[in-house]
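Novice: Got a predicted structure plus its sequence, pasted below:
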Amino acid sequence: MGNRLSKIYTKTGDDGTTGLGDGSRVAKDSARVTAYGTVDEANSAIGVLLACDLPDDIRALLTTVQHQMFDLGGELCIPGHAAIEDADIERLEQQLDHYNDPLPPLKDFILPAGGEAAARCHLARTIVRRAERESVTLSHHDAVRPQAIRYLNRLSDLLFVLARVLARRDGHGEVLWQHERRKPQ
């Protein structure tokens, strides 16, 4: 692969359009650009999480996820392109089971907190959820492979479980939502 970005600014987007991976141009606020842009934002949030002190196995898993998120962004950026496979989703499910099985069942909602790494994980989770919603919106206008949406759905679940793991590992524990505080006295 040669120099793909030899010049960062091209001025071709000054008219409010951007080029897709297939060479076509669309408005920068199109559903497609919004979907793959949010995947990019989610990937950046995972990068912010990776800046924390993390166990080696979680770091390796999240690095793999970052590569897959880049693949997914490419899939959404190039109409008709396929990058995420069923096997990618199955691997996420295996990791979900691996990290979730030792955790106690949740009886209450938890707040997005639990220490720095857990909080960053929750933030990444919510951005992935938004990417999923925006990919569904795109699917109402253009073809989006179901694997893309399923991948984002499983990834947000995995990030939720990892946030629980990290909150416990860092000694902060999970912060339970105190729903009873609103009961009339």
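Specialist: Alright, I've got the coordinates.
Novice: Distance of the residue nearest the centre of the chain relative to Ser24?
Specialist: By Cα atoms, centre = their mean, the chain has its centre lying nearest to Val128, at 3.3 Å. Remark: distance between Val128 and Ser24 (Cβ to Cβ, to the nearest Å) = 27 Å. For the C-beta atoms, the positions are set from N, CA and C on the backbone; glycine is no exception.
Novice: all strands of this protein, in order?
Specialist: In the chain, the segments counted as strands under DSSP state E are 17-19, 25-27.
Novice: how about the first one: buried residues?
Specialist: By neighbour count with 16 or more other Cβ atoms under 10 Å, strand 17-19 contains the buried residues 17-18.
Novice: Give me the packing partners of it, helices and strands only.
Specialist: Counting contacts by 3 or more Cβ pairs under 8 Å, 6 or more residues apart in numbering; DSSP states H and E, strand 17-19 is packed against strand 25-27.
Novice: and the nearest residue to Tyr36 once chain neighbours are set aside, what pLDDT?
Specialist: Setting aside the residues directly before and after it, Tyr36 is nearest to Leu76 in space (Cβ to Cβ, 6 or more residues apart in numbering), at 3.9 Å. Per-residue confidence (pLDDT) for Leu76: 96.
Novice: Leu76 touches Val39, doesn't it?
Specialist: Yes. Counting by Cβ atoms under 8 Å, Leu76 touches Val39, with 6.3 Å between them.
Novice: Common neighbours of the two, please.
Specialist: Residues touching both Leu76 and Val39 (Cβ atoms under 8 Å, 6 or more residues apart in numbering) are Ser135.
Novice: which stretches of the protein form helices?
Specialist: Here the chain has its helices, by DSSP state H, at 31-50, 56-77, 86-100, 116-139, 146-169.
Novice: okay, the ones you listed in TSV with distance to Lys7 next?
Specialist: Shown next, in TSV, are the helices of the chain (distance: least, Cβ to Cβ, whole Å):
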stretch	distance to Lys7
helix 31-50	20
helix 56-77	20
helix 86-100	33
helix 116-139	29
helix 146-169	30
